[in-house]
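S.K.: Any chance you can model this:
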Amino acid sequence: MRVLATTFGSRGDVEPIAGLAAALRALGAEAVVCAPPDREFADLLERLGVELVPMGDPVRPMVGGDRPPSAADAPKLAGRLVDAQFAAVLRAGEGCDVVVGTGLPPAGAALAAERLGVPYRFAAFVPGVLPSPLHRPLGRPGKPFPKGETDNRVLWDIDAENLRALYGPALNAHRAAMGLGPLDDVQGFVLSDRPLLATDPVLGPWPGAGPEVVQTGAWLAPDERPLPADLEAFLDAGDPPVYIGFGSMPWQSGKDAAAAAVAAVRDRGRRIVLSRGWADLAGDGDDCFTVGEANHRKLFARMAAVVHHGGAGTTHKAAVSGAPQVVVPQIADQPYWAGRVAALGIGAGHDGPVPTFESMSAALETALAPETAGRAAAVAAQFRTDGAARAARLLIEGAAA
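M.R.: Prediction:
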């Protein structure tokens with residue numbers, strides 16, 4: 001059994017695929033990953049013994065450069081992604097039994113699987129990329145949603161139109177070269193039949209209407225690394241600190257949010273663990289420890305609260321660790337996760353990407369309350385940690401059927 005998994009995006013798009021690949025290997029299957037050639041992604045996969053097939057350009061320089069991609073760049077970038085993914089999956093997919101695609105819409109992977117004659121499954125890391133009349137789609141570049149529109153079916157039709165405009169030209173150019181007719185339903189082609197939803201059922205539930213979706217639980221990559229000795233010493237030297245980190249968010253809004261968070265945490269007399277992240281954050285003072293790449297699940301379990309941007313991976317890791325959260329959403333699916341954290345009572349979801357000292361202080365008051373800590377511990381006890389293993393078994397059993 002050989003599975004090819006492909007993704008394009010930030011660390012939050014790559015790490016779950018690494019978790020799936022590790023689970024497949026643990027069950028005796030082969031796994032290969034097509035992903036951007038960023039050094040940190042290669043290091044992650046190498047640590048897990050998973051083969052990386054480089055695909056496209058590195059992501060971090062692209063989003064963190066002097067001119068980050070804009071909505072106007074989206075059609076050109078979508079076409080380049082289709083080309084890169086089609087070529088990489090064709091190159092690495094020979095002899096594979098199934099192709100799993102996720103991250104930015106993997107239209108090129110779906111087409112390569114068709115060319116190879118192997119099954120293709122889409123996997124989502126947030127419910128809002130899968131159509132349902134019970135929730136709105138996440139926004140994407142293209143035609144905007146009409147102001148005040150509440151019929152989710154109308155919004156999903158617009159999402160399908162935008163997917164067709166972004167990915168259809170490159171996708172259909174490859175199809176024409178293969179002697180195939182054009183596709184009109186790019187949305188259905190990319191999302192596949194019976195897509196996998198890799199979110200925890202409590203934290204990110206499927207609403208239960210729409211296509212047949214298989215919710216596996218989150219795909220957590222195994223990580224047995226100890227925390228650095230100097231970080232352990234800092235943690236042992238006082239009460240649990242507050243973690244502040246904005247992950248793969250390299251923009252000024254993340255830096256501004258971190259600055260407001262640092263000031264509000266210090267005002268409460270709490271110490272800080274500050275994650276450097278893609279914004280290259282750095283702290284000062286004896287009450288602040290700046291950390292690079294680390295075992296987040298182990299680290300979050302030592303925190304009084306976790307302040308972050310609301311990426312799916314960070315939200316799930318904080319939840320499984322039992323740490324109260326403050327989510328300051330920046331883009332994409334992050335407002336959804338902020339809303340879920342608030343709805344579950346395991347922390348606060350900030351309204352907007354740039355907090356003030358006052359708004360961050362109010363969010364911290366919620367997160368640091370004893371009842372929030374109790375609720376976070378209760379949700380952690382319900383969290384299923386076998387999502388990657390469950391997905392791996394489903395893929396193996398499906399290929400054998």
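S.K.: Give me the most central residue, this protein.
M.R.: Centroid-nearest residue in the chain, with C-alpha atoms, centre = their mean: residue 12, separated by 3.5 Å.
S.K.: helix or strand for it, which one?
M.R.: helix 11-26 (DSSP states H and E).
S.K.: hey, where'd the helices end up in the stretch 251-400 of the chain?
M.R.: 252-267, 296-300, 312-321, 334-344, 357-367, 370-382, 387-400 (DSSP state H, counting those that start in this stretch).
S.K.: show me where this structure has strands.
M.R.: 2-6, 30-35, 51-54, 98-101, 120-124, 196-197, 214-215, 242-244, 272-275, 288-291, 305-308, 325-327, 347-349 (DSSP state E).
S.K.: want to throw those into TSV with mean pLDDT, mean neighbour count and distance to residue 226?
M.R.: Where C-beta positions appear, they are placed from N, C-alpha and C, glycine not excepted. Supplementary listing: the strands of the chain in TSV, determined by pLDDT from 0 to 100; neighbours: other C-beta atoms under 10 Å; distance: least, C-beta to C-beta, whole Å:
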stretch	mean pLDDT	mean neighbour count	distance to residue 226
strand 2-6	97	26	28
strand 30-35	97	24	26
strand 51-54	94	17	25
strand 98-101	98	26	31
strand 120-124	97	23	31
strand 196-197	98	25	32
strand 214-215	97	18	33
strand 242-244	98	28	17
strand 272-275	97	24	16
strand 288-291	97	18	13
strand 305-308	98	32	19
strand 325-327	98	31	24
strand 347-349	98	27	27
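S.K.: Residue ranges of each domain in the chain, please.
M.R.: Domain assignment for the chain by automatic domain parsing gives 2-220+385-400, 229-382.
S.K.: Which residue ranges of the stretch 101-250 of the chain form helices?
M.R.: Under DSSP H, counting those that start in this stretch, the stretch 101-250 of the chain gives helices at 107-116, 152-177, 186-191, 229-236.
S.K.: Name the nearest residue to residue 169, sequence neighbours excluded.
M.R.: residue 79 (6.4 Å; C-beta to C-beta, 6 or more residues apart in numbering).
S.K.: wait, what's in contact with the one you found?
M.R.: Residues in contact with residue 79, defined by C-beta atoms under 8 Å, 6 or more residues apart in numbering, are 167, 169-170.
S.K.: So which of those is the closest to residue 345?
M.R.: If you rank those by distance to residue 345 using C-beta to C-beta, residue 167 comes first, at 38.8 Å.
S.K.: What degree of burial does the closest one show, as a neighbour count?
M.R.: Residue 167 has 27 neighbours, counted by other C-beta atoms under 10 Å.
S.K.: With adjacent residues omitted, what lies nearest to it?
M.R.: Nearest one to residue 167, counting by C-beta to C-beta, 6+ apart, is residue 107 at 4.3 Å.
S.K.: quick one on the thing from earlier: quick one, grab the pLDDT at the residue nearest to the centre of the chain.
M.R.: Looking at residue 12, its pLDDT is 92.
S.K.: For residue 277, see how far away it is.
M.R.: Residue 12 sits 12 Å away from residue 277, going by C-beta to C-beta, to the nearest Å.
S.K.: that older thread, minimum distance to residue 158: which of the helices of the stretch 251-400 of the chain has it?
M.R.: So among those, helix 334-344 is nearest, using C-beta to C-beta, at 18.0 Å.
S.K.: which helices and strands does the closest one pack with?
M.R.: helix 312-321, strand 325-327, strand 347-349 (3 or more C-beta pairs under 8 Å, 6 or more residues apart in numbering; DSSP states H and E).
S.K.: possible to save these as TSV with distance to residue 364?
M.R.: Listed next are the helices and strands packed on helix 334-344 as TSV, based on distance: least, C-beta to C-beta, whole Å:
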stretch	distance to residue 364
helix 312-321	15
strand 325-327	6
strand 347-349	8
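S.K.: Ok, which of those comes nearest residue 271?
M.R.: Of all the helices and strands packed on helix 334-344, strand 325-327 comes closest under C-beta to C-beta, at 15.9 Å.
S.K.: Which strands or helices does that closest one pack on?
M.R.: Going by 3+ C-beta pairs under 8 Å, 6+ apart, strand 325-327 lies up against strand 305-308, helix 312-321, helix 334-344, strand 347-349, helix 357-367.
S.K.: Let me have the ones you listed in CSV, extended by distance to residue 24.
M.R.: Shown next, in CSV, are these (distance: least, C-beta to C-beta, whole Å):
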stretch, distance to residue 24
strand 305-308, 29
helix 312-321, 19
helix 334-344, 27
strand 347-349, 33
helix 357-367, 36
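S.K.: Mean neighbour count, the ones you listed: which tops it?
M.R.: Highest mean neighbour count among the helices and strands packed on strand 325-327 (mean count of other C-beta atoms under 10 Å): strand 305-308, with a mean of 32.
S.K.: Spell out which strands sit alongside that one in the sheet and which way each one runs.
M.R.: In the sheet, strand 305-308 lines up against strand 242-244 (parallel), strand 325-327 (parallel) (DSSP bridges).
S.K.: So for residue 291, which of those strands sits nearest?
M.R.: strand 242-244 (8.7 Å).
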